[in-house]
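Trainee: Structural data only, the sequence is not supplied:
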């Protein structure tokens, strides 16, 4: 292990890349396509009374309908903002305009007011996965906003000095998106701070309820949005839940519907929270031998027998989230193990690239976001 392993600054990774991305335009097109696909629709709607049974997508969620469900629509919009930030040139003028038009149509103050009202009436809706992605969308929009808009995009409470817009890329309309999203981000920030101290145990399995994944995204997003109270709450929960873990048994990974590796996702979170020396010691204790023969199955491409099944397609996302985790963790591992970890990340990513745009809707409605994480767009 390398105690001084370098940590990626997620904010600097959001700047525009100088080289064309071979998949950016296709990823943007499929993101727009699935967001515009109203059905099938899985609203997860909790009916509050006899007059609360109309689940027409655009009425129930005017900002976040399409892409099968609320959280997927949220993070596919995050994908569009991220592509506009990182790969604007690669998108081309026509695709850039189409992505901006869709985001401007969805991310209005009127639409987000409906979303906020819905979540206020249903405090547990989309917790924690949808919360984390909504925070990421708000942060990405604020980062893309012109610098003059950045300070108005979020609640000023507990603001962090120096939390300026990302240098190098900005869009004037992103300020409008960020202002529309700010009330939702503020509501969820307050919910996170209230909720985490009431939780005795984390959820560790590899699907939507995974707390390590949510904490990682929430901590990153609210750090960029200037909410240090949320950052502290996430870090305190991470240390309380995972700080004293001993060697993890990963023999039961993956589960049949996992799209996250519980062990690797926890490692992503804890190395970020603990920092260089403490993070390296934690990783050496909890995942000893990574890349050296131990946990070798985490480096293997998951077997997907039916990519048209919603749960089976989760395993495609698992390959991408593993690629993200392995690339991020590689600097913490000594050579030659680090090279093996990086090689495995490339193998996992390459195995599912075709499914991202040409697969069944059960894959295409969400995989772009995880491809972008694997590509370096995440925390």
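Mentor: Arrived safely. Quick caveat, the model's predicted, so the values are computed rather than measured.

Trainee: now for the helix or strand hosting residue 279, which elements pack on it?
Mentor: Taking DSSP states H and E as the definition, one finds residue 279 inside helix 276-286. Judged by 3 or more Cβ pairs under 8 Å, 6 or more residues apart in numbering; DSSP states H and E, the packing partners of helix 276-286 are helix 262-274. Placement of C-beta: from N, CA and C, glycine included.

Trainee: ok, residues contacting the helix it packs on?
Mentor: Contact with helix 262-274 is made by 5, 7, 204-206, 210, 212-213, 215-216, 219-220, 234-235, 238-239, 242-243, 245, 248, 250, 253, 279-280, 282-283, 286-287, 295, 298, 321-322, 324-326, 328-329, 332, 379, as judged by Cβ atoms under 8 Å, 6 or more residues apart in numbering.

Trainee: just to revisit the earlier point, give me the contacts around the helix or strand following the helix holding residue 279.
Mentor: Next along the chain after helix 276-286, taking DSSP H and E as the criterion, comes strand 290-295. With contact meaning Cβ under 8 Å, 6+ apart, strand 290-295 is reached by 250, 263, 283, 287-289, 298-299, 329-330, 333, 337-338, 340-341, 344.

Trainee: mean confidence score for strand 290-295?
Mentor: For strand 290-295, mean pLDDT is 96.

Trainee: What are the buried residues along the helix or strand following that strand?
Mentor: Per DSSP H and E, the first helix or strand lying C-terminal to strand 290-295 is helix 310-329. For helix 310-329, the neighbour count (16 or more other Cβ atoms under 10 Å) marks 310, 312-329 as buried.

Trainee: likewise stretch 345-361?
Mentor: Applying 16+ other Cβ under 10 Å to stretch 345-361 flags 345, 347-349, 351-353, 355-357, 359-361 as buried.

Trainee: same check, this time on stretch 254-262
Mentor: Applying 16+ other Cβ under 10 Å to stretch 254-262 flags 254-255, 257-262 as buried.

Trainee: okay if I get the residues you listed as a markdown table plus pLDDT and distance to residue 133?
Mentor: As requested, those are exported to a markdown table (pLDDT from 0 to 100; distance: Cβ to Cβ, whole Å):
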| residue | pLDDT | distance to residue 133 |
| --- | --- | --- |
| 254 | 98 | 21 |
| 255 | 97 | 21 |
| 257 | 97 | 18 |
| 258 | 98 | 18 |
| 259 | 98 | 13 |
| 260 | 98 | 13 |
| 261 | 98 | 18 |
| 262 | 98 | 19 |
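
Trainee: picking that back up, looking at the contacts of strand 290-295, which two lie furthest apart in space?
Mentor: 250 and 338 (18.7 Å; Cβ to Cβ).

Trainee: Give me the next element, helix or strand, following the least confident helix or strand in the chain by mean pLDDT.
Mentor: For the chain, using mean pLDDT, DSSP states H and E, the weakest element among its helices and strands is helix 147-150, scoring a mean of 48. As assigned by DSSP H and E, the chain's next helix or strand after helix 147-150 is helix 172-195.

Trainee: Packing partners of that next one?
Mentor: The contact analysis (3+ Cβ pairs under 8 Å, 6+ apart) places helix 172-195 against helix 70-86, helix 88-106, helix 109-121, helix 129-144, helix 147-150, helix 211-224, helix 228-242.

Trainee: List the buried residues in it.
Mentor: Within helix 172-195, the residues scored as buried using 16+ other Cβ under 10 Å are 173-189, 191-193, 195.

Trainee: Repeat that for stretch 125-139.
Mentor: Neighbour-count burial for stretch 125-139 flags 126-139 (criterion: 16+ other Cβ under 10 Å).

Trainee: returning to that earlier point: return a PyMOL selection command for the buried portion of the contacts of helix 262-274.
Mentor: The following PyMOL line selects those of those that are buried, judged by 16+ other Cβ under 10 Å:
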select buried, resi 5+204+206+210+212+213+215+216+219+220+234+235+238+242+245+248+250+253+279+280+282+283+286+287+295+298+321+322+324+325+326+328+329+332+379
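
Trainee: I'd like the buried residues of stretch 125-139 laid out as CSV, including pLDDT and distance to residue 98.
Mentor: As requested, those are arranged in CSV below (pLDDT from 0 to 100; distance: Cβ to Cβ, whole Å):
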residue, pLDDT, distance to residue 98
126, 98, 27
127, 98, 32
128, 98, 32
129, 98, 27
130, 98, 25
131, 98, 28
132, 99, 27
133, 99, 22
134, 99, 23
135, 98, 26
136, 98, 22
137, 98, 18
138, 98, 22
139, 98, 23
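
Trainee: Between which two of these is the distance greatest?
Mentor: Using Cβ to Cβ, those reach their maximum pairwise distance at 127 and 139, which is 18.1 Å.

Trainee: Alright, I will stop here.
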